[in-house]
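Q: quick check, what structure comes out for this input:
(one chain, ligands or ions: 2)
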Amino acid sequence: MAVVTDPVISTVKLSKVYRSGIGMRLVSALVDVTFDVGRGEIFGFLGPNGAGKTSLIKILIGLARPTAGNALVFGRQARDAQVKARVGFLPESPYFYEYLTATEFLRLSAGLAGVPGSEVAGRVNSLLKLVRMEASAGVQMRGFSRGMLQRIGIAQALVGDPELVILDEPMGGLDPVGRKEFRDIIVGLRDQGKTVFFSTHILADVEMICDRVGIIINGRMVNIGGLGDILSDDVQAYEVTVTGLTGKFRKVLERVGDSAIRSGDALLVTVPDDAGVDRVMAIVREAGARVQAIVPRKRTLEDHFMAHVGGKRGA
Ligand SMILES: Nc1ncnc2c1ncn2[C@@H]1O[C@H](COP(=O)(O)OP(=O)(O)OP(=O)(O)O)[C@@H](O)[C@H]1O
Ligand SMILES: [Mg+2]
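A: Numbers count the residues shown, from 1 in each chain. Ligands and ions are numbered 1, 2, ... in the order given. The predicted model follows:
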């Protein structure tokens, strides 16, 4: 695991156990979660439903106490009031005062976040612009779609100009254009030196912008690191494209590969490893055919994620 030199978030063996339902059944939402997030990082916290993402985030913003272990933010206990002033937060299901307009809501949030009165109007206007909601600024929020509310929620998280932004499923309700805009906002925050921690199960968005990713399954952080580390040289298979085959050799090659797809004169053979490639090459030579391309197929984050989730869900 990479060493984080200037951690903004630092947890040690964090555990959370809930008692719920009839008989007070114990639910382990977090088990020995230890990780750091460095200053200026975009950290993606990835996990399926019920994995423990919201439980961890609630501890980080001081809304819940861990059952065991420790969570430090800016080197202090997460629930410390001085910490809260430096953190912006978007909850999973934000509550909005429906009868307020977007501008009124953000001005109220700015006041609560301690923004000086003289700066409130300017701050709110620039945030409305950032989340592309200027056109609806004067509209009561009860008429907003889920994606519009999400945009206002993101603006609200940024209103106090926080050094650390913690967002629980920020892309929920956003369409593909909205997700792209959101990614741009996050990268812009990093450019300003801010630290961003967000949870999601949208793998593609994590893949595009995160410096590091933590994968949580059933309360355990099963993998953490740069995407390069998590996916490093993780070649799953090779796809070899062969042309100039006669019928007999085509049949031999089709049997050698895990799968074989014909496309006109070409045959695309998939083999699992180097030895498979060698076998294909030997047959190609014997057949007097030609190799057009050998493409290593690397694991995507999605493959990786599914391999971890497989069989572990709902345990
Ligand atoms: N207040 C609570 N009381 C009892 N159990 C809870 C409570 N909050 C969460 N849990 C349980 O803890 C586990 C983790 O839940 P959590 O909400 O942290 O997951 P999540 O990763 O945020 O899921 P999602 O992607 O659905 O938001 C689940 O089994 C959930 O049922
Ligand atoms: Mg959640």
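Q: give me the element Arg279 is part of.
A: If you go by DSSP states H and E, Arg279 is part of helix 274-287.
Q: run through who's touching that helix.
A: Helix 274-287 is contacted from outside by 238, 240, 242, 244-246, 249, 252-253, 256-258, 269, 271, 290-291, 294, using Cβ atoms under 8 Å, 6 or more residues apart in numbering. Every C-beta, even on glycine, is put in place using the N, C-alpha and C of the backbone.
Q: for ligand 2, what is the nearest residue in this structure?
A: Residue nearest to ligand 2 within the chain: Thr54 (3.1 Å; Cβ to the ion).
Q: alpha carbons of the helix holding Arg279, as PDB, please.
A: Extracted C-alpha coordinates of helix 274-287, given in PDB (Å, rounded to 0.1, in the frame of the first residue of the first chain):
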ATOM      1  CA  ASP A 274       1.400 -16.500 -22.900                       C
ATOM      2  CA  ALA A 275       1.500 -20.300 -23.400                       C
ATOM      3  CA  GLY A 276      -1.800 -20.000 -25.300                       C
ATOM      4  CA  VAL A 277      -0.400 -17.300 -27.500                       C
ATOM      5  CA  ASP A 278       2.600 -19.600 -28.200                       C
ATOM      6  CA  ARG A 279       0.300 -22.500 -29.200                       C
ATOM      7  CA  VAL A 280      -1.600 -20.200 -31.600                       C
ATOM      8  CA  MET A 281       1.600 -19.000 -33.100                       C
ATOM      9  CA  ALA A 282       2.900 -22.500 -33.700                       C
ATOM     10  CA  ILE A 283      -0.300 -23.400 -35.500                       C
ATOM     11  CA  VAL A 284      -0.300 -20.200 -37.500                       C
ATOM     12  CA  ARG A 285       3.300 -21.000 -38.700                       C
ATOM     13  CA  GLU A 286       2.400 -24.600 -39.600                       C
ATOM     14  CA  ALA A 287      -0.700 -23.300 -41.500                       C
END
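Q: ok, residues contacting the very next helix or strand once past that helix?
A: Using DSSP H and E, the helix or strand that directly follows helix 274-287 along the chain is strand 290-298. Strand 290-298 has contacts (Cβ under 8 Å, 6+ apart) with 231, 233-244, 266, 270, 277, 280-281, 284.
Q: whichever helix or strand comes after strand 290-298 vs strand 290-298, what angle?
A: Of the helices and strands lying after strand 290-298 in sequence (DSSP H and E), the nearest is helix 301-309. Per axes from the mean of the first three to the mean of the last three Cα atoms, to 10 degrees, the angle that helix 301-309 makes with strand 290-298 is 50 degrees.
Q: start the count at 385 instead of 1 going forward.
A: All right, first residue 385 from here; so that's helix 685-693.
Q: list the buried residues of helix 685-693.
A: 685, 688-689, 692-693 (16 or more other Cβ atoms under 10 Å).
Q: now do the buried residues in the helix holding Arg663.
A: Burial within helix 658-671, assessed by neighbour count using 16+ other Cβ under 10 Å, is assigned to 660-661, 663-664, 667-668, 671.
Q: likewise stretch 613-623?
A: For stretch 613-623, by 16+ other Cβ under 10 Å, it's 614-615, 621-623.
Q: what are the buried residues along stretch 435-455?
A: 435-446, 448, 450, 453, 455.
Q: in strands, which of these appear?
A: Within the buried residues of stretch 435-455, residues falling in strands by DSSP state E are 453, 455.
Q: and the buried residues of stretch 435-455, which two are furthest apart?
A: Greatest spatial distance among these (Cβ to Cβ): Ala435 and Gly446, at 21.1 Å.
Q: what angle separates the helix or strand containing Arg634 from helix 658-671?
A: Using DSSP H and E, Arg634 sits within helix 631-640. Here the directions of helix 631-640 and helix 658-671 differ by 170 degrees (the same axes, to 10 degrees).
Q: can I get helix 631-640 as CSV, trimmed to CA atoms?
A: Output of helix 631-640 as CSV, limited to C-alpha atoms (Å, rounded to 0.1, in the frame of the first residue of the first chain):
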residue,chain,number,x,y,z
GLY,A,631,-10.6,-24.9,-43.1
LYS,A,632,-8.6,-27.6,-41.4
PHE,A,633,-6.3,-25.2,-39.4
ARG,A,634,-9.2,-22.9,-38.7
LYS,A,635,-10.9,-25.8,-36.8
VAL,A,636,-7.7,-26.6,-34.9
LEU,A,637,-7.4,-23.0,-33.8
GLU,A,638,-11.0,-22.8,-32.8
ARG,A,639,-10.4,-25.7,-30.4
VAL,A,640,-7.2,-24.1,-28.9
